[in-house]
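Enquirer: fold the stuff below for me.
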Amino acid sequence: MEETQEPHNRKVSFPSWAQLRMLGKHLSAFEKKLLGLLAIVALSSSVIFLTLYVKYYAEKVPAYTGTYVEGVVGQPQYINPVLADTNDVNRDIVELVFSGLMAYDNEGKLRLDLARDYRISEDGKIYTFYLREGVKWHDGETLTVDDIIFTVKTVQDPRVKSHLALNWQGVGMEKINDYTLQFILKQPYAPFLETLTMGILPQHIWGKIALENIALSEYNLKPIGSGPFKFLDFQKETSGRIISYRLEQNSDYYVRRPYINEIVFNFFDNEEKLLSAANAGSLQGISPSALSIDSLKSIRGDIYYPYEIRSYNYFALFFNKEKNSLLDDITVRKALLMATNKDEMIEKTLHEHAGPANYPIPENLVPPPSDATPLPYSPEKAITLLEANGWKLGDGPYRKKTVEPKEKNKEKEELELAVEVVIPDIAELKEIGDILKSNWESIGVKTDIRLITAKTKEGFQTLQQDVIRPRDYQILLFGHAFLSQPDLFSFWYSSQKKDPGLNFSLYENKEVDKLLEDIRKTTNDEQRTKKMQIAEKIIMDDVPAIFLYYPHYLYPVQKQIKGINIHNLVLPPQRFDDVINWYMATTYSF
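Expert: Below is the predicted model of the structure:
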């Protein structure tokens, strides 16, 4: 008999719950236990299988969730890149809300942002920029070249009184199309790219406001930008003081949606109140510019991880020989340098959160010149140098020197080796001054310290108006801040000896002047570096200043916040340039 073949599409039916219950009535107690055991084994096997599958095939990735709360000291006033000035509270929020043609990466170097590409003409005078297409403002409007032209013209207009106006003097613009723009310079200026990190304003918003009234607009506190986060709201006390400011993620951000949902800034009147909130665990992060080094020592290490980030700044002692003729003697300047214990300052005052400075440009920006050897710390050699130059110790603790009179028929003069150092009255700098006085007086140099209040805005303005601008100091302890494309011109060119120049040593060297002019015109990075190193060597040999240390930024952040990967910072607000990579939780992706 021929065997009948079963059809392949036969339906398989499973027992119903009622049938299973009926079956259970006919099972023995042993069979029921065995069936239960088999069910447990099957369930356990499934759990193990899923666990192994997740372990070997699933990937842990950042989750789109969380609110990051940061504490700052101060108040927001102008969340507007044209008016933000030097207020870090303003600039922190501007960094999150607005975008520029260029931005900084985690090494503090320039990268493309709103621009997708650019070209520089052979003569270095024309910069052609190509914008990303499809970039949206936070209100949904499209960003184009017209917004960039509007922003630059707003900065250039004297009615606005923008702190950025000097950077844009003499810069012309030509629109090629909606996404192509040319900047036209009168003279080549290699660091021009740094200028293009400025945030761009939306013309369709600000173009309706009279320029003379720009500082009065509500958009200064309720901004519309194109950055990774957008304005949500803020809370005020009845006194009008803003206590918190909230941003939400820009889900349409042209790079990628940020992982963190919201960023909140909580504002405090002083360091003590901020410290109290931080150590209570109510803040996820603390602004690097909010606390002094001494205060940072009080932050709870079980909650916060202190990111230590190198800066492009240094502090130095600038000699002004016009206020003290003794400083015209290079022997005296060299002796003071060799008697300065930088390591002691870094260890005792800065608690190792700095590096010793020896060159006119930070070493993490430009490699030091190979043929320049910094003078060593050696009080003994400093004493030998002074002794050989006629500076002798007499009955008192300070050195003196007998010199010929400048006028005829006059007796010889006895000069005392004495200097005065002007120091901003800030805790760390005051301590540096104490060490400096001890260092220099140990080799017989009488050292007076003149402290100038700089803790408040008014105090800092006094320091600027009464001391720095008129160059009313013999020696000044102050800092220089560099951008990622260092420009020595303002600091060491002879024409910058007087205000508003930043040549605090009133330094003048024709060879250096020529090099600094060439550096500004050279767009080739390798050639610029070589010329900067030559200029550095000459400046070091002339000893117009003592370079002390490169301060590090300390950024305490709760340990649950991941994805922060910053190595160098131009300025503290730039810590947010990679904020889209920060996250607070993870999930699994298969």
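Enquirer: the nearest residue to S490 once chain neighbours are set aside and L571, how far apart?
Expert: What sits nearest to S490 in space, not counting adjacent residues and going by C-beta to C-beta, 6 or more residues apart in numbering, is L502, at 4.5 Å. Placement of C-beta: from N, CA and C, glycine included. Note on L502: its distance to L571, by C-beta to C-beta, to the nearest Å, is 16 Å.
Enquirer: so those two - more neighbours on which side?
Expert: With neighbours defined as other C-beta atoms under 10 Å, L502 and L571 compare such that L571 has more, 21 against 17.
Enquirer: and the pLDDT for Y377?
Expert: The pLDDT attached to Y377 in the predicted structure is 97.
Enquirer: against E174, how distant is it?
Expert: 55 Å.
Enquirer: may I have stretch 141-158 as PDB, with CA atoms only?
Expert: What follows is the C-alpha trace of stretch 141-158 in PDB, where atoms were taken according to Å, rounded to 0.1, in the frame of the first residue of the first chain:
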ATOM      1  CA  GLU A 141      13.900  80.200  10.500                       C
ATOM      2  CA  THR A 142      16.800  79.400   8.200                       C
ATOM      3  CA  LEU A 143      20.300  80.800   8.800                       C
ATOM      4  CA  THR A 144      22.000  82.300   5.800                       C
ATOM      5  CA  VAL A 145      24.900  84.600   4.900                       C
ATOM      6  CA  ASP A 146      22.600  87.600   5.500                       C
ATOM      7  CA  ASP A 147      22.700  86.900   9.300                       C
ATOM      8  CA  ILE A 148      26.500  86.900   9.300                       C
ATOM      9  CA  ILE A 149      26.700  90.200   7.400                       C
ATOM     10  CA  PHE A 150      24.100  91.700   9.800                       C
ATOM     11  CA  THR A 151      26.000  90.600  12.900                       C
ATOM     12  CA  VAL A 152      29.400  91.900  11.700                       C
ATOM     13  CA  LYS A 153      27.800  95.300  10.700                       C
ATOM     14  CA  THR A 154      26.100  95.500  14.100                       C
ATOM     15  CA  VAL A 155      29.500  94.900  15.800                       C
ATOM     16  CA  GLN A 156      31.100  97.600  13.600                       C
ATOM     17  CA  ASP A 157      28.500 100.200  14.300                       C
ATOM     18  CA  PRO A 158      29.700 102.700  17.000                       C
END
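Enquirer: identify all contacting residues around that stretch.
Expert: When contacts are taken as C-beta atoms under 8 Å, 6 or more residues apart in numbering, the neighbours of stretch 141-158 outside the stretch itself are 81-82, 101, 114, 131, 134-137, 160, 162, 164-165, 167-169, 171, 173, 175-181, 198-204, 206-207, 211, 214, 226.
Enquirer: for ChimeraX, write a command that selects the buried ones of these.
Expert: One line in ChimeraX is enough to select the buried members of the contacts of stretch 141-158, burial here meaning 16 or more other C-beta atoms under 10 Å:
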select :81,82,101,114,131,135,137,160,162,164,167,168,171,173,179,181,198,199,200,201,202,203,204,206,214,226
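Enquirer: filter the contacts of stretch 141-158 down to the ones in strands?
Expert: Members of those lying in strands (criterion: DSSP state E): L131, M173, K175, I176, N177, T180, L181.
Enquirer: any idea what E414 is bridged to?
Expert: When bridges are called by DSSP bridges, E414 pairs up with T402.
Enquirer: so it sits right up against P405, yeah?
Expert: No: E414 sits out of contact with P405 when judged by C-beta atoms under 8 Å, with a separation of 11.1 Å.
Enquirer: OK, contacts around H552?
Expert: H552 is in contact with E308, I309, R310, S311, H353, A354, G355, counting by C-beta under 8 Å, 6+ apart.
Enquirer: in the chain, spot the strand with the most residues.
Expert: Under DSSP E, the strand in the chain containing the largest number of residues is strand 545-558.
Enquirer: any idea which helix or strand comes after it?
Expert: Read in the C-terminal direction, the helix or strand following strand 545-558 is strand 568-569, with elements assigned using DSSP states H and E.
Enquirer: which of the contacts of H552 count as buried?
Expert: I309, R310, S311, H353, A354, G355.
Enquirer: now stretch 235-248: buried residues?
Expert: So, applying 16+ other C-beta under 10 Å, buried residues of stretch 235-248: I242, Y245, R246, L247, E248.
Enquirer: among these, name the ones in helices.
Expert: By the criterion of DSSP state H, membership of the buried residues of stretch 235-248 in helices covers no residue at all.
Enquirer: these into JSON lines, with extra columns for pLDDT and distance to S298?
Expert: Output for the buried residues of stretch 235-248, formatted as JSON lines (pLDDT from 0 to 100; distance: C-beta to C-beta, whole Å):
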{"residue": "I242", "pLDDT": "96", "distance to S298": "26"}
{"residue": "Y245", "pLDDT": "98", "distance to S298": "25"}
{"residue": "R246", "pLDDT": "98", "distance to S298": "27"}
{"residue": "L247", "pLDDT": "98", "distance to S298": "28"}
{"residue": "E248", "pLDDT": "98", "distance to S298": "32"}
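Enquirer: any weak-confidence spans in the stretch 1-150 of the chain?
Expert: Counting by pLDDT under 70, the stretch 1-150 of the chain has low-confidence residues at 1-36, 38-39, 41-42, 44-58, 86.
Enquirer: please enumerate the strands of it.
Expert: Taking DSSP state E, counting those that start in this stretch to define them, one finds strands in the stretch 1-150 of the chain at 59-62, 67-73, 102-104, 110-112, 115-120, 126-131.
Enquirer: so which of those strands gets nearest P368?
Expert: The stretch from the strands of the stretch 1-150 of the chain with the least distance to P368 (C-beta to C-beta) is strand 110-112; that distance is 22.0 Å.
Enquirer: output the contacting helices and strands for that closest one.
Expert: Using 3 or more C-beta pairs under 8 Å, 6 or more residues apart in numbering; DSSP states H and E, the elements in contact with strand 110-112 are strand 102-104.
Enquirer: so what are the sheet partners of the strand it packs on and their directions?
Expert: Neighbouring strands of strand 102-104 in its sheet, by DSSP bridges, are strand 110-112 (antiparallel).
Enquirer: ok, residues contacting the strand it pairs with?
Expert: Residues outside strand 110-112 that contact it (C-beta under 8 Å, 6+ apart): L101, M102, A103, Y104, D105, Y118, L193, E194, T197, S484, Q485.
Enquirer: quote the end-to-end distance of stretch 88-107.
Expert: In terms of C-alpha to C-alpha, to the nearest Å, the two terminal residues of stretch 88-107 are separated by 20 Å.
Enquirer: show me the contacts for the residue lying closest to I205 once chain neighbours are set aside.
Expert: Of all residues beyond its chain neighbours, the one nearest I205 is I224 (5.5 Å), with distances taken as C-beta to C-beta, 6+ apart. Residues in contact with I224 (C-beta under 8 Å, 6+ apart) are W137, H138, D139, P202, I205, K230, F231.
Enquirer: nearest to T586, of these?
Expert: For those, the closest approach to T586 (C-beta to C-beta) belongs to K230, at 25.1 Å.
Enquirer: and the closest one, how many residues sit next to it?
Expert: Based on other C-beta under 10 Å, the number of other residues close to K230 is 21.
Enquirer: hang on, isn't it packed against E248?
Expert: Yes: the pair K230 and E248 qualifies as a contact (C-beta under 8 Å) at a distance of 6.1 Å.
Enquirer: just the pLDDT for the residue nearest to I205.
Expert: At I224, the pLDDT recorded in the model is 98.
Enquirer: related to what we said a few turns ago, show me which of Y377 and E174 is the more surrounded one.
Expert: Higher neighbour count among Y377 and E174: Y377, with 17 against 13, using other C-beta under 10 Å.
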